[in-house]
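1. Provided below are the primary sequence and the corresponding predicted coordinates.
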Amino acid sequence: MKITSLYKGLWPKMYVVLRNVILPFSKIEQFYPKKGLIYDVGCGFGSYSIALALGSEDREVIGLELSKERVKKANATASKINNVRFEVRDLRKDSGLRDCDCISLVDLLHHVPHETQKEIIQECYRTLKKGGILLIKDIGDRPRWKYLYNYFHDRVIMRNRELFFIKPAKLREMCQEAGFRVVIRRIKHWTPFPHVMFVCSK
Ligand SMILES: C[S@@+](CC[C@H](N)C(=O)[O-])C[C@H]1O[C@@H](n2cnc3c(N)ncnc32)[C@H](O)[C@@H]1O
């Protein structure tokens, strides 16, 4: 099933189509467990959460997101899919995370201040089961032109709201300090975004 066709309304559909061009779900699917409880944090309109749920009925997926409007749209879009639901949460206040098998942060961390990034990673470590996995998809710093392209792209989209990019080496250190074992995988894709996946095991 094409996830984008599930979305109604011009803006959510455009957003999800664009996200799927920038980072198709097929490029990250391999990293996720096939079963268990998965939180997709900062899930936006929830297209990756829905794709995860449709990918295996043994997954229970909960999308957490700051924007009420995005959560409303995500829940409406997924109303007929039993193993996914969405909740409004501000990670800085109450994460809502509980004992789980996998936590996914796709392009969330560079939207929160560095101090909060550290707290989020520590909270993920606390709430994952032993053997659980934290997946952080963020933006790498190489090649430099891709990093700069993404920086200006986000600047335009975010209209001067502050961004908090973090170097992969620094992010690895933060995850290791929280207790994770970390493997960094570059995601190859034709678009000019230096996608990097941090696979962090507890
Ligand atoms: C770049 S979007 C990525 C959305 C989705 N993960 C995707 O890849 O399509 C980042 C999302 O994180 C959400 N977000 C930012 N700060 C947050 C916070 N403190 N708590 C929960 N969600 C947050 C934003 O509202 C936004 O929808």
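-> In hand now; what should we look at?
2. Neighbouring strands of the longest strand seen in the chain in the sheet, and parallel or not?
-> The longest strand of the chain (DSSP state E) is strand 128-139. Here strand 128-139 has these sheet partners by DSSP bridges: strand 100-106 (parallel), strand 195-201 (antiparallel).
3. Run the chain-centre distance for it.
-> 10 Å (CA atoms, centre = their mean, to the nearest Å).
4. if we look at the following helix or strand past it, which residues are touching it?
-> Note on strand 128-139: by DSSP states H and E, the next helix or strand toward the C-terminus is helix 144-158. With contacts defined as CB atoms under 8 Å, 6 or more residues apart in numbering, helix 144-158 is touched by His110, His111, Ile139, Gly140, Asp141, Leu163, Phe165, Pro192, Phe193, Pro194. Placement of C-beta: from N, CA and C, glycine included.
5. again, 7 Å this time
-> Residues outside helix 144-158 that contact it (CB atoms under 7 Å, 6 or more residues apart in numbering): Ile139, Gly140, Asp141, Leu163, Pro192, Phe193, Pro194.
6. That helix: which residues count as buried?
-> Lys146, Tyr147, Asn150, Asp154 (16 or more other CB atoms under 10 Å).
7. a markdown table please, covering those residues and showing pLDDT and distance to the ligand.
-> Formatted as a markdown table, the buried residues of helix 144-158 follow (pLDDT from 0 to 100; distance: CB to the nearest ligand atom, whole Å):
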| residue | pLDDT | distance to the ligand |
| --- | --- | --- |
| Lys146 | 82 | 17 |
| Tyr147 | 80 | 16 |
| Asn150 | 78 | 11 |
| Asp154 | 78 | 8 |
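8. And the residues you listed, which is closest to Arg85?
-> Closest approach to Arg85 among the buried residues of helix 144-158 (CB to CB): Asp154, at 28.4 Å.
9. Fine by me, we can end here.
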